[in-house]
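Q: Model the following, please.
(2 chains)
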Amino acid sequence: MSFGQSIIFNEIQGVSHQMKILVPIKRVIDANIKVRVKSDQSGVELNNVKMAMNPFCEIAVEAALRLREAGEAEEVIVVCAGPANGKETLRTALAMGADRAIHIESEDSPEPLAVAKLLKAVVEREKPGLVILGKQAIDGDNNQTGQMLSALLNWSLGTFISRLSVEDGAFHVTREVDGGLENLKLSGPAVVTVDLRLNEPRYASLPNIMKAKKKPMEELTAAALDVDITPRLTVLKVEAPASRSAGVRVHDAAELVDKLKNEAKVI
Amino acid sequence: MDFALTEHQRSIDESVRRVCAQFEDAYWLDHDRSGDFPIEFRQAMTEGGWLGIAMPERYGGAGLGITEAAVLMHAVTNSGGAMSAASTMHINIFGPHPIVVYGDEVQRERWLPPLIAGKEIACFAVTEPDAGLDTGSLTTQARLEGDHYVVRGRKIWTSTAQVADRVMLLARTSPREAQGSSVDGLTLFYTRLDRDRISVREIDKMGRKAVDSNELFIDDLIVPMEDRIGEEGKGFRYLLDGLNPERILIAAEAVGIGRNAVDRAARYARDRVVFGRPIGQNQAIQHPLARSWAELEAGWLLALKAAWAYDAGQPSGAAANAAKYFASEVAFTACERAVMTHGGMGYAKEFQVERLLREVLIPRIAPVSQEMVLCYLAERVLDLPRSY
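A: Numbers count the residues shown, from 1 in each chain, chains lettered A, B, ... in the order given. Just a heads-up that it's a prediction; the model follows:
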């Protein structure tokens, strides 16, 4: 009995990574909410609007949790930069199962480059073996932070991944690219950004929501990390997209082809 | 004064909605047709740990208040599952309360963990065919014979008895005449639902077909002494503690259904085009729905206020009764308006609102009639003489 146990123990020791995984997450308008532009056109109305974790970030958290549960990592740290209510989103990630959280408070949501710089500072403090991000946030759709972070760190990068595994100390990822699927082997440490089909994120159970209240949440500032997050961009005006005009009904295929050719001029 | 839900409560709402979202309209419609118990739904809620929301942490619960439980049940019915969803777990939320407060430590250890973990399903046998609200007239007898009781009698409107493992049972242990008060002489038991001694007959009913309601014929049921909760003769008093939480939860459940109906009606009114414009552009369609929205908002605040009072240890009877009365009325009206907004399609099962209308009648009827709620308010709040 004890002999068998010791063999299993040795095997686990052999393959286990004492690795930390860092998962940066963003708080965004809930995906099901109809977004409205502020009346002064300075931005999108965020007051009294339901907010949630960016769906791609949820997938990133799930991916990290699965690696930890598979024994490939020992700790999952979630980090969020932005206004104070980001702590609520971090708490959601803790309720999903992340071990601890870091909140970097700022008045507004920082731009992608500023976030990447903040994350670089956090990476230098925490020394994770892997950073998993959503491929983009559904609010700005910038699709920049992960790439910028990898460049700043000079780490391996795998974007838009739909499969992730750890084999022989390397990260094996499948990328969803225009031409199909691309399989890459990344030497660690690495940055990956996740696509929709990587996994289906779990729901927080009530016991885990309760546990999350007691998990540590560190509070940092950009100043403490010595990062300048002053915006580099100026938003001039935000407008809602033009509303679609009503469609027309065509009687037959010939009429459709005629309209596509002569009115829409698409064929 | 802060009307916002706390971060924690929002997190509960959000998580419950996600679990419920897996169970779509087709699931509830199928179960409404077949009458099959929504096992998968109950399983998902059990796995999420939701059954124990208001039960003590040491037995596997979350130790939260009725406010959080109201947020939970509102999210459950609001998902479209309506009372079919709520009734698979409603009784778990507050029903075991007498065990928590009046049971001994051995009983709590024996009964609460399996109940919270969903390993055992409990049902409640209190009401009788010839004694509804007039609890003093209950006739089911528990006779002490050595180290056990022998129970004989009939119960009605016992939900989930088709699938339950245990029953919380109220029975008379001394004759009514011998008592100073009509609520004394009744004893509470929590015991195995022995199907050799209890025959369970399902009642065919208007809605919520998936969650069975039953008549129980109890014939010489043997109840061991260790299945008695607290003292003999005090059983009904133990149940009184649960009345306000139940009214608060039923109010929250009603609001959830009403809001679901209004959302469906508004969506239909935006999409349905007649005479070249959406019907929702007509004030005759808009105003009833807007009124229902406002009424449901008020019903929700009333339920939360009652929950807050209960959790704060303040008297909550008036608020809980007012919430049950008002929320179930406005939710019923909302569902009726939703059906009428849909016109002929509202009568078709495909559009779900007729199911909501059938199920939303339950909060008006149970756990107590609207008239008795008004009697309570008249007597206890307005200091008017008792009418019955």
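
Q: ok now do the closest residue in space to residue A:99 that isn't next to it in sequence, which residues does it touch?
A: Residue nearest to residue A:99 in three dimensions, not counting chain neighbours: residue A:75, with 4.9 Å by C-beta to C-beta, 6 or more residues apart in numbering or on different chains. Every residue, glycine included, has its C-beta placed from N, CA and C. Contact analysis of residue A:75 by C-beta atoms under 8 Å, 6 or more residues apart in numbering or on different chains lists A:20-21, A:68, A:99-100.

Q: just those residues now: which is nearest residue B:132?
A: Closest to residue B:132 out of the contacts of residue A:75 is residue A:99 (53.5 Å), distances taken as C-beta to C-beta.

Q: In this structure the closest one contacts residue A:73, no?
A: No: with contact defined as C-beta atoms under 8 Å, residue A:99 does not count as touching residue A:73 (9.9 Å).

Q: which ones among the contacts of residue A:75 are found in helices?
A: Per DSSP state H, helices hold the following members of the contacts of residue A:75: residue A:68.

Q: re earlier: enumerate the beta-bridge partners assigned to the residue nearest to residue A:99.
A: As for beta bridges, residue A:75 partners with residue A:20 under DSSP bridges.

Q: Quick one: the helices in chain A, in order.
A: Remark: helices assigned in chain A by DSSP H are A:2-15, A:55-69, A:86-96, A:112-126, A:145-153, A:206-212, A:253-262.

Q: Would you reformat those helices as TSV and include distance to chain B?
A: Listed next are the helices of chain A as TSV, based on distance: least, C-beta to the nearest C-beta, whole Å:
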stretch	distance to chain B
helix A:2-15	27
helix A:55-69	10
helix A:86-96	5
helix A:112-126	23
helix A:145-153	24
helix A:206-212	4
helix A:253-262	22
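
Q: Would you map the strands across chain B?
A: With strands called from DSSP state E, chain B shows them at B:122-125, B:141-145, B:148-159, B:166-172, B:186-192, B:198-202, B:213-224, B:228-229, B:273-274, B:277-278.

Q: In terms of pLDDT, where does residue B:7 sit?
A: On pLDDT, residue B:7 comes in at 87.

Q: Centre-most residue in chain B?
A: In chain B, the centroid-proximal residue (C-alpha atoms, centre = their mean) is residue B:90; its distance is 4.7 Å.

Q: What pLDDT does the model give residue B:178?
A: We note a pLDDT of 69 for residue B:178 in this prediction.

Q: Could you do residue A:244 as well?
A: Residue A:244 is assigned a pLDDT of 79 by the prediction.

Q: can you check residue B:280 too?
A: On the pLDDT scale, residue B:280 gets 97.

Q: Report the contact partners of it.
A: Residue B:280 makes contact with B:266, B:269-270, B:272, B:286 under the criterion C-beta under 8 Å, 6+ apart.

Q: Out of the helices of chain A, which gets the lowest mean score?
A: Lowest mean pLDDT within those: helix A:2-15, a mean of 38.

Q: Please list the residues outside stretch B:330-341 that contact it.
A: The contact list for stretch B:330-341, computed with C-beta under 8 Å, 6+ apart, reads B:254-255, B:257-259, B:261-262, B:264-265, B:268-269, B:279, B:285, B:288-289, B:292, B:295-296, B:298-299, B:346-347, B:353-354, B:356-357, B:360-361, B:363-364.

Q: Write the ChimeraX selection for whichever of the residues you listed are buried.
A: ChimeraX command restricting the contacts of stretch B:330-341 to the buried ones, with burial defined by 16 or more other C-beta atoms under 10 Å in any protein chain shown:
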select /B:254,255,257,258,259,261,262,264,265,268,269,279,285,288,289,292,295,296,299,346,353,354,356,357,360,361,363,364
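
Q: closest one to chain A among the strands of chain B?
A: Closest approach to chain A among the strands of chain B (C-beta to the nearest C-beta): strand B:273-274, 10.2 Å.

Q: The closest one near chain A anywhere?
A: No: no part of strand B:273-274 sits near chain A under the criterion C-beta under 8 Å from any C-beta of the partner chain; the closest distance found is 10.2 Å.

Q: Okay, now the sheet partners of that strand, with direction.
A: Partners of strand B:273-274 in its sheet, by DSSP bridges: strand B:277-278 (antiparallel).

Q: can you list contacts of the partner strand?
A: In contact with strand B:277-278 (C-beta under 8 Å, 6+ apart) are residues B:269-272.

Q: which among these gets closest to chain A?
A: Using C-beta to the nearest C-beta, those come closest to chain A at residue B:270, 11.7 Å.

Q: Of residue A:99 and residue A:73, which one has the most company?
A: Set residue A:99 next to residue A:73 and count neighbours by other C-beta atoms under 10 Å in any protein chain shown: residue A:73 wins out with 23 against 18.

Q: wait, doesn't the more buried one sit right on residue A:63?
A: No: taking contacts as C-beta under 8 Å, residue A:73 lies outside contact range of residue A:63: 10.5 Å.

Q: Which residues are in contact with residue A:51?
A: A:27-30, A:85, A:88-89.

Q: Spit out the contact partners of the residue nearest to the centre of chain B.
A: Taking C-beta under 8 Å, 6+ apart, we find residue B:90 in contact with B:73, B:249-250, B:253.

Q: Go again with 7 Å.
A: B:73, B:249 (C-beta atoms under 7 Å, 6 or more residues apart in numbering or on different chains).

Q: same thing with residue A:129?
A: Contacts of residue A:129 (C-beta under 7 Å, 6+ apart): A:17, A:19-20, A:188-189.

Q: any idea which of those is the one closest to chain B?
A: Among those, residue A:20 lies closest to chain B (C-beta to the nearest C-beta), at 25.1 Å.

Q: Looking at the closest one now. What's its pLDDT?
A: Reading off the model, residue A:20 has pLDDT 96.

Q: Could you check how many residues crowd around residue 156?
A: By default, I'm working from chain A. Residue A:156, neighbours per other C-beta under 10 Å, totals 19.

Q: that's the wrong chain, I wanted chain B
A: A count of nearby residues for residue B:156, using other C-beta under 10 Å, gives 18.

Q: what do you get for residue B:263?
A: Residue B:263 is flanked by 16 other residues according to other C-beta under 10 Å.

Q: and the stretch 1-150 of chain B, which residues reach chain A?
A: B:7-8, B:11-12, B:15, B:18-19, B:47-50, B:53, B:62 (C-beta under 7 Å from any C-beta of the partner chain).
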